[in-house]
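Colleague: How does the following fold in three dimensions:
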Amino acid sequence: MRLNKYVLFAIFAFAVMHSQQLVAQDTLKVNKTNNKVFISGKPFYIHIVKRGQTLYRIAKAYNVTVEDIEKENFNIKAEGLSVGQPVKIPISKEKAPAPEKADMPRIHVVDSGETAYSIARNYHISLKNLYSLNPGAKDAIYRGQKLFLPEKPDTTTAKVLQDADFIYHIIKKGETLYSIARAYGVKARKIKRENNNIDPNDLQPGQVIKIEKGEVKYADQKPTAKKKKYYYHNVKPGETLYSIAIKYETTDTKIIEHNPQLTRRELLSGEYIKLPKDEITLPDTLPSQPDGMITQTSDSLLQDTCQCPVDGGKDRMQVALMLPLYSFTNDTINRNLTYQKIYKRSRIFLDFYEGVLLAVEDMSKKGMNIDLHVFDTENDTLKVKSITESSLFPYFDLIIGPVYSQNLPIVVERAKLFDIPLVSPLSTEPDFLKNYVKGFQVSPTEHILHRKTIATTKEFKADNYIIIKNGNRPEESFVNAFKDEFFRGKTVNEIEHLGYAEITYYAGDEELNLDPFVDSLHNFVILPSSDKAFVSDVVARLNTLSENHDITLFGHPRMINYENIDIQFFHNLNTHIFNLNYIDYESEAVLDFVYKHRKFFEKEPGKYAFYGYDISYYFMHAYQLFGGRFYCCFDQFYPALLQMNFNFQQQNKGSGFINEEMLLLNFQRNYLLRPVTESNR
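Modeller: Coordinates of the predicted model:
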């Protein structure tokens, strides 16, 4: 089947690039694709076979031999080609793409807010190079102006990333250990000492080396009283030459002129740069310091100061997708089989991956060029660590995953270093968000769930409220919070006449105390526990009780996944739960997604395919519209998704964001499952 052959590529692909439409109209003509993957470090084109195409025609289109293709696709010789089948086409070594940015356009059209320096930095070229092609730009540039660019980037401006102890330099083509040492004013042997895993005689573009901050020669040291013709600005994290130039009403060109070290690298936080007094304007809000030094508060990334950028959108991005696909295990169990079998633990993540691919497809139709890099993390912390240390890692604009909470801190540590947003798609553990403003957790925490449950149950009108507690784990924090809210503002007399009771029950007990249930009244039962054995037992007993009592059950989201509970019980109990998603199969968008999924993968989409689509589409579209600071624009961004709604809120100043949006679902007694809205509550 086409699905199984496709799945093998899904679990082997470590860096899927230029994901494009998987199936096109039938044609005899073979068009060379840009759909590429790296498998065990070796580059391939992935060609999707169309009706009427032959192995010979495909080989000719890619300038390889039939034998080259058969060697890399062991099943083709025995089974032949089939429509929709993905075929690996080997790419010769000299044509393999380096882990660099794509080739640049020859012309850049200046947009509002751009400067010569910001344009040069964006294209990884020096100001000198830009001015040599555009002499007039040295005096001024204006919106709409066309600037000529070199065919390839040069290496005169180095990207600088840093933490408290080290500067991390990303090696560019042509750089040597000694040229890097000169740029930072450090002895080459000291750089070599800190990077003993790198061969100084064989530096590769994209490699990252660390340089001890204490050894670095900054643009200028702390100012002295003798240098009266300059003000000195202490660079703060996040500042750029452009932002400093705007602050002091000067130009980035003039700043570089007086700080020549900046012609070969970007700013370093903590260094002082010289600002000529006669060429700047001192802002009123910045106090002058002794010896002519000026300090400045950096632009905080905290939510209360975060401003949605104007014209910040992008049309290209590098996305890393980290999923436990268990490629080695799948390869092992299929080695001696005549049919394809998928390892159980990888199935939901393959579904998720399929949804991401369809989201990339839809984003490409919106003009977004996405390079999708897929990494198989398994559940191996060492493997995750090796991914974060790869030369590609610093270039990512967005990371989705990993899914296991124990692997998140490993990736977050490096993502923070390179200022990369990271989305945790499934974990409910929020620890990784601390001091990481670009961290995003899709699944709400138990605390958020409890808060929403309490607020919502207050709106239900019932005669009798009953909380059933798990005797082994009684959820006292929830119960106490519920009572505080339930009894708030009521007098002692009112409380005495309220129908409220708590039942403590141990799973497996012969009897459930039924005394609090009243025959003639509406009984509203809250079951806060997520323990499978306990919940299954209680729901079965409540179902029996519902034959003679009017009961509405409010339960934990996980209980609908417990296969040992008859779904009819939920309907009999008029059950309400919060859930992250709801798939409406009458929706046109959902029907279109199902159609495309069937067409591409020849199977029905699993639940996690919808997850993969919504999560990846949301963040990729946000980046397209708002750029890297998209999180400042959440209050303006409400895209139509398939099965989810998002409401990302920063939990504490300086921390990341958690989605607080959940849908209230009702298992109605007419056997329908429907979301509860204001109109039908």
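Colleague: what about the strands in the stretch 51-200 of the chain?
Modeller: With DSSP state E, counting those that start in this stretch as the criterion, the stretch 51-200 of the chain has strands at 86-90, 107-109, 146-148, 160-162, 166-170.
Colleague: er, the stretch 351-500 of the chain I mean
Modeller: 369-376, 398-400, 422-424, 439-441, 464-470, 500-505.
Colleague: Adding mean neighbour count, write those out as a markdown table.
Modeller: Heads up, the C-betas are built off the backbone N, CA and C, glycines and all. Formatted as a markdown table, the strands of the stretch 351-500 of the chain follow (neighbours: other CB atoms under 10 Å):
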| stretch | mean neighbour count |
| --- | --- |
| strand 369-376 | 23 |
| strand 398-400 | 26 |
| strand 422-424 | 25 |
| strand 439-441 | 25 |
| strand 464-470 | 22 |
| strand 500-505 | 16 |
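Colleague: Can you tell me which of those strands is nearest to residue 143?
Modeller: In terms of CB to CB, the element of the strands of the stretch 351-500 of the chain nearest to residue 143 is strand 369-376, at 23.8 Å.
Colleague: Not including adjacent chain positions, what is the nearest residue to residue 625?
Modeller: residue 313 (5.0 Å; CB to CB, 6 or more residues apart in numbering).
Colleague: gap between the one you found and residue 175?
Modeller: 32 Å (CB to CB, to the nearest Å).
Colleague: Neighbour count: the two, which is higher?
Modeller: Higher neighbour count among residue 313 and residue 175: residue 175, with 18 against 14, using other CB atoms under 10 Å.
Colleague: So the residue nearest to residue 625 sits against residue 630, correct?
Modeller: No. Between residue 313 and residue 630 there is no contact under CB atoms under 8 Å: 9.1 Å.
Colleague: Helices along the stretch 501-650 of the chain, start to end?
Modeller: Along the stretch 501-650 of the chain, the stretches classed as helices by DSSP state H, counting those that start in this stretch are 532-545, 567-572, 588-601, 607-626.
Colleague: Now do the contacts for the closest residue to residue 61 other than its chain neighbours.
Modeller: Distances taken as CB to CB, 6+ apart place residue 30 nearest to residue 61, at 3.9 Å, with adjacent residues excluded. Neighbouring residues of residue 30 by CB atoms under 8 Å, 6 or more residues apart in numbering: 47, 50, 53, 57, 58, 60, 61.
Colleague: sorry, back to before: right, so of the strands of the stretch 351-500 of the chain, which gets closest to residue 234?
Modeller: With CB to CB as the criterion, residue 234 lies closest to strand 439-441 of these, at 28.1 Å.
Colleague: So what are the sheet partners of that closest one and their directions?
Modeller: Applying DSSP bridges, strand 439-441 is found paired with strand 422-424 (parallel), strand 657-659 (parallel).
Colleague: Check which helices and strands the next helix-or-strand element following the last one sits against.
Modeller: The reference is to strand 657-659. Where DSSP states H and E defines the elements, the next helix or strand beyond strand 657-659 is strand 663-667. If you count contacts as 3 or more CB pairs under 8 Å, 6 or more residues apart in numbering; DSSP states H and E, strand 663-667 packs onto helix 567-572, strand 576-579, strand 673-675.
Colleague: Walk me through which strands strand 663-667 pairs with, and which way each runs.
Modeller: strand 576-579 (antiparallel), strand 673-675 (antiparallel).
Colleague: Dump the strands of the stretch 51-200 of the chain to a markdown table, plus mean neighbour count and mean pLDDT.
Modeller: Shown next, in a markdown table, are the strands of the stretch 51-200 of the chain (neighbours: other CB atoms under 10 Å; pLDDT from 0 to 100):
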| stretch | mean neighbour count | mean pLDDT |
| --- | --- | --- |
| strand 86-90 | 21 | 82 |
| strand 107-109 | 13 | 79 |
| strand 146-148 | 14 | 81 |
| strand 160-162 | 17 | 62 |
| strand 166-170 | 20 | 77 |
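Colleague: what's the closest of the ones you listed to residue 616?
Modeller: strand 86-90 (20.3 Å).
Colleague: which strands and helices sit next to that closest one?
Modeller: The contact analysis (3+ CB pairs under 8 Å, 6+ apart) places strand 86-90 against helix 2-12, strand 42-48, helix 66-72.
Colleague: By mean pLDDT, show me the worst of these.
Modeller: Of all the helices and strands packed on strand 86-90, mean pLDDT reaches its minimum on helix 2-12 (a mean of 41).
Colleague: tally of neighbours for the closest residue to residue 192 other than its chain neighbours?
Modeller: Excluding its sequence neighbours, the residue lying closest to residue 192 (CB to CB, 6+ apart) is residue 200, at 5.4 Å. By other CB under 10 Å, 16 other residues sit near residue 200.
Colleague: Roughly how far does residue 350 sit from residue 612?
Modeller: From residue 350 to residue 612 the distance is 10 Å (CB to CB).
Colleague: Looking at the two now, which is surrounded by more residues?
Modeller: residue 612 (27 against 24).
Colleague: That one contacts residue 348, doesn't it?
Modeller: No. With contact defined as CB under 8 Å, residue 612 does not count as touching residue 348 (9.7 Å).
Colleague: Where do the domain boundaries of this protein fall?
Modeller: 18-95, 107-148, 160-215, 230-295, 316-444+588-659, 448-579 (automatic domain parsing).
Colleague: End to end on the second one, go ahead and measure it.
Modeller: With CA to CA, to the nearest Å as the measure, the ends of domain 107-148 fall 5 Å from one another.
Colleague: What residue, apart from its backbone neighbours, is nearest residue 89 spatially?
Modeller: With CB to CB, 6+ apart, the residue lying closest to residue 89 is residue 45, at 4.0 Å.
Colleague: now the helices of the stretch 501-650 of the chain in CSV, with mean pLDDT and distance to residue 416?
Modeller: Shown next, in CSV, are those (pLDDT from 0 to 100; distance: least, CB to CB, whole Å):
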stretch, mean pLDDT, distance to residue 416
helix 532-545, 91, 37
helix 567-572, 93, 43
helix 588-601, 90, 34
helix 607-626, 95, 18
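Colleague: Relative to residue 441, how far out is residue 434?
Modeller: From residue 434 to residue 441 the distance is 12 Å (CB to CB).
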